[in-house]
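>>> attaching a predicted model along with its sequence, questions to come.
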Amino acid sequence: MANVDIVELKKMNLRDAVVIDGFPSVGLVSSIVANYLIALLKLEYIAVMDSDAFPSLSLVRNGEPLGPARVYARPNLKLGEQQIVVFSTELQPSANLLRDIGAAIMDYAQNQKCKLVISAGGLIIEREEGMEEEKGEIAVYGIGSTESAQELLLKADAEPFVEGVISGTAGVLLNEGRRRGMDVITLLAEARPDTADARASALILAAIDQMVLHMNLNVEPLCKEAERLEAQLKVLHKDAQRKSRPSDTGVGYG
């Protein structure tokens, strides 16, 4: 079993916070959601997740070296504002690491007395051969690990996810939430598997807003910002995967 640690860089009171899982998913949906929230809420880098099994790399942003997987939170909360904790990374973890990463996120949420974990992801809907994708609004689907999590989903424009398979960290978090009696919600929107999907990300962001942020985010402006993030993240994720090979050297931008 791999040793996955979360090391605090800055102390912050995270009691009753909502944790967002930003580990990569289909269509980079979770990555776009995580990066949008970090920018929107001006979250601060407060902890790093690391493991001997992670590739040896550092993400440099605005001249600051950042760990391979990072934890962000909202500083200087005003009265009535919801604390948000975001896990963000450019890594695509190997399958044998997912269980340890999910358990580490849940341990952190439990130790910090956070109240809810939300995992955002893309959903591939299988259609019969020759059937074209229907035009119109993409549906957002949701499932909760507990009855209280299912009730919270009623506040969002999300349809119940009744049957199917949820993989990756999202699946681990749901199972851990059920086992520990902790509130975990997975939000899924249909996404293109071969590219980043801005619209799916925007619809999930709107659902998160309805449940916990209450900032009345509009989907169309979200889409435009998500498209900008989409282009940026595609480069970062591609480079992160290439940099995970030991023979690579530094790559600069700008």
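Everything's here; your move.

>>> from here on, just use CA atoms for contacts and neighbour counts.
Noted.

>>> point out where this protein drops to low pLDDT.
Along the chain, segments meeting pLDDT under 70 span 1-2, 27, 125-137, 192-196, 226, 230-231, 233-254.

>>> please redo it, this time with the cut-off set to 50
For the chain, the stretches flagged by pLDDT under 50 are 127-133, 135, 245-254.

>>> all strands for it, in order.
4-8, 18-22, 44-51, 59-61, 64-66, 69-73, 84-89, 116-123, 140-144, 159-160, 184-190 (DSSP state E).

>>> including mean neighbour count and distance to Leu37, could these go into TSV?
Shown next, in TSV, are these (neighbours: other C-alpha atoms under 10 Å; distance: least, C-alpha to C-alpha, whole Å):
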stretch	mean neighbour count	distance to Leu37
strand 4-8	16	20
strand 18-22	26	9
strand 44-51	19	11
strand 59-61	11	17
strand 64-66	12	17
strand 69-73	23	10
strand 84-89	26	8
strand 116-123	26	12
strand 140-144	23	18
strand 159-160	15	23
strand 184-190	26	15
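
>>> those strands into CSV, with extra columns for distance to Ala103?
Below are the strands of the chain laid out as CSV (distance: least, C-alpha to C-alpha, whole Å):
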stretch, distance to Ala103
strand 4-8, 9
strand 18-22, 12
strand 44-51, 12
strand 59-61, 24
strand 64-66, 22
strand 69-73, 15
strand 84-89, 13
strand 116-123, 12
strand 140-144, 17
strand 159-160, 25
strand 184-190, 13
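
>>> for the protein, just list every one of the helices.
29-40, 95-111, 147-153, 168-180, 198-208, 219-243 (DSSP state H).

>>> what lies in contact with stretch 150-160?
By C-alpha atoms under 8 Å, 6 or more residues apart in numbering, the residues outside stretch 150-160 that reach it are Ala139, Val140, Tyr141, Gly142, Ile143, Gly144, Ile185, Leu187, Ala207, Ile208, Gln210, Met211.
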